[in-house]
Each structure stands twice: as C-alpha cells, then as structure tokens.
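>>> How does the following fold in three dimensions:
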Amino acid sequence: MISGVLAIVGSPNVGKSTLFNRIIGDRVAIVDDVPGLTRDRLYGRANWLLKDFRVIDTGGIQLENVGYQTEIRAQVTIAIEEADVILFVVDGKVGLSRDDNMVAKMLYKSKKPVVLAVNKIDDGQFLGDVNDFYQLGFGDPIAVSSTHGIGVGDVLDAVIKLMPDKLLEEYEGSICFALIGRPNVGKSSLVNAILATDRVIVSSEEGTTRDAIDTPFRREGRDYVVIDTAGLKKRGRIFESVDKYAALRALKAIDRSDVVLLLIDGEEGIREQDKHVAGYAFEAHKAIIVVVNKWDLVTKDQNAMADFSIKVRDEFKFLDYAPIVFVSAKNKTRIKTIFDSIILAYEGYTTRVATSLLNDIIQDAQIMNPTPHFNGGRLKIYYANQVDIKPPTFVLFVNNPDFMHFSYKRYIENRLRDTFHFEGSPIHIITRMRK
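Numbering: from 1, shown residues only. Presented below is the predicted three-dimensional model:
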C-alpha cells in the first residue's frame, strides 16, 4: 500500500534526478522485452523502513522555451500540490543561491513538511559548507552525495518520520474503477454518462487524495465506486505544455482502483501519450479496459470497429488481454458495454483457481508442448500454486528458474487464460526452485 508521495524539488543541475535514481534503486528498470510500452523516469516507487511511497522527480519535467525561473516555479507548484513530503535539494558546492531562496519562499507558503538535502558533498572537506543552508529555515540540512550514495539513508529516515500514516478508503464488496487518459479524451463526459445511466448514487465523498472524488453507486444489483480525477482545475499554459503532468495526476487514482478504464479518442486516434498513460496502469498490475470514446464522430463502415481494434492491438501489444469497447459519452450510447467489461475484468482480477485443477493444466501444458532447452538445461515444472489475487499470482516450483525461457512463460500464461478466462486482468507468474 502506498503510504504517501515524496516530491524532489530544487534548482536546475543540483542533482535531483541522480538522487531520485538512488532512492528508487532499480525499481523502474527499463524492460525492453515488453513491446509497445513507453516509459519515462518521471516517477517511481520506493520502500524504506517497511513503508512504500511514490517518488516524483520534478527534474524529469522539462518545459521547452522557458527560462529557469519559470521552470522552477512550475516544478515547485506541481510538487506542492502532489506531495505529502517535499525533498528540497540544493548544491553544496555552489552554495546558497537566489533560486534556492525563491524555492524556499514558495515552500514556506505551502506549509508542507520539507527535508533539506545539501547535495554534492562528496568529500569531508565540504561539510562546513552545509552550515550556510541553515538560514533557509528548514531545520538541520542533511549532507548528501547522490553520486556516491552518501547520506541517502539519513534523508530517507527524515522523510519517513514526516510521511503521514494514510489509510486508503476501503469499499468492501464494491468494484473500484478509475478513468485515465490524456487531456480532452472525454473523461469528465464519460463519468457523467456513467453516473447518469440507471444508477443510484450513494454519496460523493472526498477521497484520500486531493482532487479525487469517490462516488459510490449501485447499478443492476452491483456496488461500484468511480474514482474520478477529471475534476482537475486548469493550470494555465505552463502546465498544458507538460504532457506528463496529467498522467502524474492519474497515478493516485490507479493505485486505489481494481479496474482502470483507459480512454482513447476515437476521432483523433492513438497518440504517443496514450501509451505513457497506459504504461502507468500496466506497471501497477491493474485490470484494464480500453475504452474508445467519441465513436459517434467517427466515419464508420461495417468493419470500423474491427479495424480500430487491430490498431489498438498493434499499438498496445502489452495490453493484449484488455477488452476493447466503443462508446459515445456525449450521446450516452453503448455505456452498458463498459459495465459488462468491468464485471468481466474484475472477475478475472479476483479469480482463485483450485490447486488440483491448476496443476492438471500445468502438467497437460508440459505434455502438449515440452519445455525447450535454455540456459544450459531443460525446465521441469513440478507443481504450481496460486498465492494471490489482484492480480492472480502463480508460483511455479521448478528445477531451475534460469531454465525458463520467456516464450514458454508466455505459453503457460496463454494456457491459463484459455482455461480460466482472465480477460482484462494481468497474470503474474513467478518461478521458484523446489527445495
């Protein structure tokens, strides 16, 4: 469970991104064998002292054709709005600067807890320079070398002490789903269409995250909660130029959802930013449905849906398990198909398979398609067990995990999907040596 959000802010070239990479370690490794998945290094997850938290690298937000002052203000504003704790990074070699003072003034007004890290203290001879930063008024500055990893543990200790103990709202027995997508794909309109279609709203409650409204409602005997991030205020041109900003806001809603609806503009077609947004839900291991909106504006023939579905499959190869539905939020048409897919995806996401049946399928799979010789040996799967749901997670006990070729792992996944119909849900397969 994510306990909070840490944002890293500071002037350009103080080492924010290097410190970000130190904090998250290798948790955001670039995985090239997932075709079509577009990644960036703007955000990551970290764990310290048994607490999971999200980290925002504002250094990863680049505003084109603007001066440093404008860029810094944009970054700090984003951090203030998104973060529970702010890590203010300054350059110990350069010393206190006017930009540092500007950032400090903005942080005073935010009233958010701040940890001050003096970076680039690579040698003990520079420790005396740390004292200059006391005048910023954020308590004891912590000497850090992000390049060498010195002092990072002290910084994280301080961060965890300030991180709030958040308890996410639990909606027992309800299907929680969120709508994500790039700007202007019709998220607000679709939320309104969903909530206006044969439902009883229980209440509208402020969620655990700012700008997220949880709306529990009941439809055809089932309880749902729509987590709506569409009510975000316009931030002006400076933020409109930061494509990643909207996706960043969607992260909190994704964390709290079981099913994620990825909205695509049917009239404009698929854009690169759609892949960025989809990547967040994919990496969070959530059930996913691709919703093609504005279908009323598309010039159609009898093959239009099939042709567009082929495009979606081609562009989102990593979401080959996600159902595709076509709707018009404006005209409130085909909304029922969304709920049919939500139920299907949620059932797959929460499916538990009997151990005996699971092992029958695994043994049959090996008989039908014997494991290949790989990495100096041939894999033998002795038995399997399901250890979790959301998503369904299976452990295969084998002679040597190194003998598992990725194509055979994919084959096992497909056999499980063919048998148990995990449509809309990811499947996590772990290989473990039998002891």
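>>> Okay, buried residues for the strand or helix carrying residue 419 please.
Applying DSSP states H and E as the criterion places residue 419 in helix 406-420. The neighbour-count check on helix 406-420 (16 or more other Cβ atoms under 10 Å) flags 408, 411, 412, 413, 415, 416, 417, 420 as buried. Any C-beta I mention is one placed from the backbone N, CA and C, and that applies to glycine too.
>>> just stretch 329-342 next, same as before
With the criterion 16+ other Cβ under 10 Å, stretch 329-342 contains buried residues 329, 330, 334, 335, 337, 338, 339, 341, 342.
>>> could you pull out the strands for the stretch 251-400 of the chain?
259-265, 287-293, 324-326, 373-374, 377-378, 381-388, 393-398 (DSSP state E, counting those that start in this stretch).
>>> how about a markdown table for those strands, with distance to residue 54 and mean pLDDT added?
Output for the strands of the stretch 251-400 of the chain, formatted as a markdown table (distance: least, Cβ to Cβ, whole Å; pLDDT from 0 to 100):
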| stretch | distance to residue 54 | mean pLDDT |
| --- | --- | --- |
| strand 259-265 | 16 | 95 |
| strand 287-293 | 20 | 97 |
| strand 324-326 | 29 | 97 |
| strand 373-374 | 36 | 95 |
| strand 377-378 | 40 | 95 |
| strand 381-388 | 21 | 96 |
| strand 393-398 | 22 | 97 |
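>>> so where is the stretch 51-200 of the chain shaky, pLDDT-wise?
60-69, 75, 166-170, 197-200 (pLDDT under 70).
>>> Now do the strands in it.
51-57, 85-91, 114-119, 142-143, 175-180, 200-201.
>>> List of residues touching the fourth one?
For strand 142-143, contacts defined as Cβ atoms under 8 Å, 6 or more residues apart in numbering pick out 92, 115-118, 121, 126-127, 130, 150-151, 154-155, 158.
>>> Just the buried ones from these?
92, 115, 116, 117, 118, 121, 130, 150, 151, 155, 158.
>>> wait, residue 141 sits on residue 129?
No: under the criterion of Cβ atoms under 8 Å, residue 141 is not in contact with residue 129, lying 9.8 Å apart.
>>> Residues that sit against both of the two, list them.
By Cβ under 8 Å, 6+ apart, the residues touching both residue 141 and residue 129 are residue 118.
>>> which residues does the residue minimising distance to the centre of the chain contact?
Taking Cα atoms, centre = their mean, the centroid of the chain lies closest to residue 280, which sits 3.6 Å from it. Residues near residue 280 by Cβ under 8 Å, 6+ apart: 180, 247, 250, 251, 254.
>>> ok, now with 6 Å
Residues counted as contacts of residue 280 (Cβ atoms under 6 Å, 6 or more residues apart in numbering) are 251, 254.
>>> Please apply the same query to residue 408.
residue 371.
>>> if we go to 8 Å?
Per Cβ under 8 Å, 6+ apart, neighbours of residue 408: 369, 371, 372, 374, 379.
>>> how many other residues sit next to the fourth one?
Which is residue 374. Using other Cβ atoms under 10 Å, residue 374 is surrounded by 16 other residues.
>>> how near is it to residue 403?
6 Å (Cβ to Cβ, to the nearest Å).
>>> Please enumerate the helices of the protein.
Listed in chain order, the helices of the chain (DSSP state H) span 16-24, 68-82, 98-110, 152-162, 187-195, 237-240, 243-255, 272-283, 304-315, 335-349, 355-368, 406-420.
>>> Between these, which one is closest to residue 386.
helix 355-368 (6.3 Å; Cβ to Cβ).
>>> Now residue 372: closest residue in space that isn't a chain neighbour?
residue 405 (5.6 Å; Cβ to Cβ, 6 or more residues apart in numbering).
>>> Show the contacting residues for that neighbour.
Counting by Cβ under 8 Å, 6+ apart, residue 405 touches 371, 372, 374, 375, 379.
>>> same thing with residue 412?
When contacts are counted by Cβ under 8 Å, 6+ apart, residue 412 is found next to 362, 365, 396, 429.
>>> Show me what the closest residue to the last one other than its chain neighbours is bridged to.
What that stands for is residue 429. The spatially closest residue to residue 429, leaving aside those adjacent along the chain, is residue 394, at 5.3 Å (Cβ to Cβ, 6+ apart). Residue 394 has the following beta-bridge partners by DSSP bridges: residue 386, residue 429.
>>> my read: residue 394 touches residue 428, true?
Yes: between residue 394 and residue 428 there is a contact at 7.1 Å, judged by Cβ under 8 Å.
>>> Great, nothing more from me.
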